[in-house]
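> how would this look folded up:
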Amino acid sequence: MKILHKTPAHAQAIAAALADVPYPSDDAARPQALLTRCPAAAETPLIDAAALADQTGVAKVYVKDERGRMGLGSFKALGAAYVIARDAETGAAKGQTYVTASAGNHGLSVAAGAQAFGAHAVIYLAETVPEAFAQRLRGIGAQVRRHGAVYEASMQGAAEAAVENNWVLLSDSSWPGYFERPHTLMEGYLVLMQEAAAQMPETPTHIFLQAGVGGLAAACAVYARQCWGDAPRIIVVEPDAAPALFASIAAGSAQITEGPSSDMGRLDCKEPSLIALKGLARDADDFMLISEAEGAAGSEACAAAGLPSTPSGAGGFSGLLAAQADPGALGLSPDARVMVILSEEAT
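Numbers count the residues shown, from 1 in each chain. Okay, the predicted model is just below:
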């Protein structure tokens with residue numbers, strides 16, 4: 001475990017370095033209005049997980065359980081499918097081909113959205129993504145292409161294919177010149193936090209948010225600040241093999257990082273989304289790196305409590321569990337009320 005406490009200087013440096021980058025949307029009403037018309041868009045539960053609280057020595061652990069979201073098994077269902085639904089409202093989706101790279105559940109959301117609205121999906125996967133996931137994508141109508149050894153290489157392949165074929169690139173990350181669609185996609189994630197805020201019986205003292213490129217964490221953080229102000233301490237958790245946000249905050253500018261492959265595969269992103277980085281530099285308090293062993297321990301603890309997920313999906317709780325080695329570092333006390341997100345089902 002390694003912790004970086006964000007300072008005003010960190011936030012100011014990122015804001016200056018990313019002056020042309022938009023902040024994440026905080027308009028949850030827009031995606032909520034669209035998703036209420038979707039038959040599969042049922043609210044996911046917030047669970048008062050006493051077993052996890054007991055294990056971590058805090059008063060409460062509230063788990064926002066995204067494992068059943070829209071039948072796709074992940075919060076990602078709220079993202080790309082929402083973008084395609086927005087396009088469908090203007091007649092722009094039907095017959096269109098959407099292309100993306102995916103390390104996991106984002107591809108399912110693109111494929112499901114394309115299938116629902118008469119579009120086509122082409123998903124680029126790195127060589128390390130399991131074939132079982134590729135078969136699942138094909139099962140909902142997507143064309144799958146393998147490209148490169150890591151996610152960033154598959155993303156490059158998808159971007160090149162979009163230009164060559166006049167397809168729509170629908171990434172869950174953002175970079176210079178590519179902001180509009182990921183900004184809308186992240187707006188879809190606000191629904192998750194809007195639900196959680198309404199379900200919470202009390203204001204959390206801490207929120208642990210796992211991050212890959214940072215889209216989920218940034219969307220949740222901006223809405224948490226809108227609801228609760230400065231009351232919760234927001235901690236962003238990444239694998240130490242992929243410290244993209246941690247390194248960028250420390251450096252005061254976006255960083256491309258290096259490291260081995262992580263078993264927290266959906267969090268194994270070596271470069272941050274610029275929109276997410278800008279938002280988290282403003283809205284998060286701390287950035288935390290956890291080891292592979294710490295990620296596995298959190299996943300195993302969730303499974304033992306009857307909440308099975310992957311090391312990626314349980315990454316926020318893994319951060320809370322790892323923090324017990326030095327609870328004072330994050331202001332954790334026996335009366336802390338902690339919120340985490342279980343972001344995907346076990347595979």
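
> Residue 312 contacts residue 346, doesn't it?
No - using CB atoms under 8 Å as the test, residue 312 is too far from residue 346 to be in contact (10.5 Å). Heads up, the C-betas are built off the backbone N, CA and C, glycines and all.

> which of those two has more neighbours?
Between residue 312 and residue 346, counted using other CB atoms under 10 Å, residue 312 has the larger neighbour count: 26 against 15.

> Assign a three-state SS to that one, would you?
Here residue 312 takes the coil state, with states given by DSSP: H, G, I helix; E, B strand; the rest coil.

> Identify the residues contacting it.
Residues near residue 312 by CB atoms under 8 Å, 6 or more residues apart in numbering: 104, 210, 212, 264-267, 343-344.

> any idea how far the nearest residue to it once chain neighbours are set aside lies from residue 103?
With sequence-adjacent residues excluded and distances taken as CB to CB, 6 or more residues apart in numbering, residue 312 is closest to residue 266, at 3.8 Å. Using CB to CB, to the nearest Å, residue 266 is found at 5 Å from residue 103.

> ditto for residue 216
Remark: distance between residue 216 and residue 103 (CB to CB) = 13 Å.

> Those two: which is more packed in?
When residue 216 and residue 103 are compared for neighbours, residue 216 comes out ahead with 29 against 25, by other CB under 10 Å.

> Now the more buried one. Its backbone dihedrals?
phi -60, psi -50 (degrees, to the nearest 10).

> So it sits against residue 191, correct?
No - the criterion here is CB under 8 Å, and residue 216 misses it with residue 191 at 11.7 Å.

> which secondary structure elements does the helix-or-strand element of the chain with minimal mean pLDDT contact?
Across the helices and strands of the chain, the lowest-confidence element by mean pLDDT, DSSP states H and E is helix 29-35, at a mean of 84. Helix 29-35 is packed against helix 80-89, helix 180-199, with contacts defined by 3 or more CB pairs under 8 Å, 6 or more residues apart in numbering; DSSP states H and E.

> how about the strands in this protein?
Along the chain, counting by DSSP state E, strands occupy 2-5, 46-48, 60-65, 97-101, 120-125, 143-146, 168-169, 206-210, 233-239, 286-290, 337-342.

> Contacts for the first one next, please.
Translated: strand 2-5. Applying CB under 8 Å, 6+ apart, the contact partners of strand 2-5 are 240, 246, 249-250, 285-289, 329-330.

> Including pLDDT, could the residues you listed go into a markdown table?
Converted to a markdown table, those look like this (pLDDT from 0 to 100):
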| residue | pLDDT |
| --- | --- |
| 240 | 97 |
| 246 | 98 |
| 249 | 98 |
| 250 | 98 |
| 285 | 98 |
| 286 | 98 |
| 287 | 98 |
| 288 | 98 |
| 289 | 98 |
| 329 | 97 |
| 330 | 98 |
